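Q: Starting from these lines, generate the structure:
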Amino acid sequence: QVQLVESGGGLVQAGGSLRLACAASATFFNFGTVFNLYAMGWYRQAPGKQRELVATLTSGGISNYADSVKGRFTISRDNAKKMVYLQMNSLKPEDTAVYYCNAHRVVMGSSSDYWGQGTQVTVSS
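A: Next up, the predicted model:
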């Protein structure tokens, strides 16, 4: 099992910035050597809405962003520290949501997804 713990959420005014962090760990002994094989991502869920993709970063370093955050958010990872980050700039009230970290890996055709508990981001107007 992979455990993901998010941090960095909070209350910020529109136009402000936040940096979310996700710390990954696992009980199996070689997780540190395979963490880089996981695609990592950030998703968010606003009240009354479905969870949506915010940004993903593949093991090969390819990033993908939702249109609504392109040019404002940046996803990055530090494989040595087993950390994933989401730098959020020029925040808008519509960015208010619970943000979840995701780890995804496909091994021999079998897909695994792990989620953190989420961190609340609130942007005031």
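Q: Tell me the buried residues in the lengthiest strand in the chain?
A: As assigned by DSSP state E, the longest strand anywhere in the chain is strand 97-107. For strand 97-107, a neighbour-count test (16 or more other Cβ atoms under 10 Å) marks 97-105 as buried. Every C-beta, even on glycine, is put in place using the N, C-alpha and C of the backbone.
Q: who's in contact with it?
A: Strand 97-107 is contacted from outside by 2, 4-6, 9, 20, 22, 24, 37-46, 49, 51, 54, 56, 84, 86, 111-121, using Cβ atoms under 8 Å, 6 or more residues apart in numbering.
Q: How far off centre is the helix or strand of the chain with the lowest mean pLDDT?
A: None of the helices or strands of the chain scores lower by mean pLDDT, DSSP states H and E than helix 31-34, at a mean of 80. Centroid separation for helix 31-34 versus its chain: 19 Å, with Cα atoms, centre = their mean, to the nearest Å.
Q: Next secondary structure after that helix?
A: Toward the C-terminus, helix 31-34 is succeeded by strand 39-45 as the next helix or strand (DSSP states H and E).
Q: I'd like to know which elements that next one is packed against.
A: If contacts are counted by 3 or more Cβ pairs under 8 Å, 6 or more residues apart in numbering; DSSP states H and E, strand 39-45 sits against strand 18-26, strand 52-57, strand 73-78, strand 83-88, strand 97-107.
Q: Strand partners (parallel or antiparallel) of the third one?
A: Each strand paired with strand 73-78, and its direction, by DSSP bridges: strand 83-88 (antiparallel).
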